[in-house]
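> quick one, structure for this:
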Amino acid sequence: MVMTEKIPVAGPWARDVLSVRGPDALRFLQGQLSADVESLEVGQSATALLLEPTGKLGWLLRIWRTDENIVFMDTDGGQGGAVAERLGRFLLRTDASVERHEWECIAVRGPGSHAVDVSDTSAVLVGVGLWPSVEGIDLLGPSVSAPPRTEPVPAEALEFLRVASGWPAHGSEFTDGVIPAELGAWVIDSAVSFTKGCYVGQELTARMDSRGAGAPRNLVVLEPARPAAPGARILSGGEVVGEVTSAATDPVSGSNAAMGFVKRSAGDVESLTIAAPTS
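Next up, the predicted model:
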């Protein structure tokens, strides 16, 4: 995406926000999430996985410790109810509660994002942007405005940056049966603690790590010459090795980006192509 030099872009990013609060909040989340929640200091944030008991991926979250007994978390828009339901199934005999918040998120992306002034944005939480390889910050709160000296962009522009950076989304990359390792080593490195102790669904991820096993599929980012669409076949030497899960075009530069899962044996990303749509 072509950005104005030193002026980051900003726009709304659909996120659902929840909090877990109570005397048992940290202990409860320590047993539910892949991150070491109890090691977070007040004011710190981290990424974490919320897994199903089978070890299959449920949600990739960002967690924020805002108080001794309060942890906020944000996830993809439309997923807050499912996250609350999943956590609620394990709240037996626990002095903690899950609350949903009708908050907004403004995503700031591009060079200079970390230096923008957020004092007049009404943000309650400010965190480093989650998308790999893209400098950014995210502002969350009941009513958030974009920081000054940022360029407003449409949702299509932010979607292009999401896809081009390889950040997975629910309903696209997060579907039934996906395991954490398929999303890439960066997910495991940033969201999983192998020293914290037990948590729900850890066995599959821990077993693959201990054996050095690779995932059966890998999530890759492609830069096709023409616009692609979810469901399009990804080819390697004429063989179908996967399919597109997300695709976007930058409304400014016209560049294309696509993301999809491919077989472990697919070869280098540079050798992959996307099949032209059939008429």
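> and the contacts of the strand or helix carrying Phe28?
Using DSSP states H and E, the element containing Phe28 is helix 25-30. Identification of contacts with helix 25-30 by C-beta atoms under 8 Å, 6 or more residues apart in numbering yields 20, 36-38, 63, 65, 69-71, 90-91, 94, 96, 196-197, 199. Where you see a C-beta, it was placed from the backbone N, CA and C, and this is true even at glycine.
> tell me the most packed of the residues you listed, by neighbour count.
With neighbours defined as other C-beta atoms under 10 Å, the most crowded of those is Val20; it has 26 neighbours.
> so how far is Ala35 from that residue?
According to C-beta to C-beta, to the nearest Å, Val20 and Ala35 sit 13 Å apart.
> with Gly141 instead?
From Gly141 across to Ala35, the span is 23 Å (C-beta to C-beta).
> and the two? Which one has more around it.
Ala35 (24 against 18).
> quick one: the closest residue in space to the more buried one that isn't next to it in sequence from Leu61, how far?
Leaving aside its chain neighbours, Ala35 sits nearest to Ala48 (3.6 Å; criterion: C-beta to C-beta, 6 or more residues apart in numbering). Remark: distance between Ala48 and Leu61 (C-beta to C-beta) = 5 Å.
> between the two, which contacts overlap?
Common contact partners of Ala48 and Leu61 (C-beta under 8 Å, 6+ apart): Leu33, Met73.
> helix, strand or coil: sort out Gly254 for me.
The assignment at Gly254 comes out as coil when based on DSSP: H, G, I helix; E, B strand; the rest coil.
> can you give me the helices in the stretch 151-279 of the chain?
For the stretch 151-279 of the chain, the helices defined by DSSP state H, counting those that start in this stretch occupy 155-165, 185-191, 202-211.
> which of those sits most buried?
A comparison of the helices of the stretch 151-279 of the chain by mean neighbour count, using mean count of other C-beta atoms under 10 Å, puts helix 155-165 on top with a mean of 21.
> that one - contacts with which helices or strands?
Under the contact criterion of 3 or more C-beta pairs under 8 Å, 6 or more residues apart in numbering; DSSP states H and E, the helices and strands touching helix 155-165 comprise strand 9-12, strand 104-109, strand 217-222, strand 239-249, strand 256-263.
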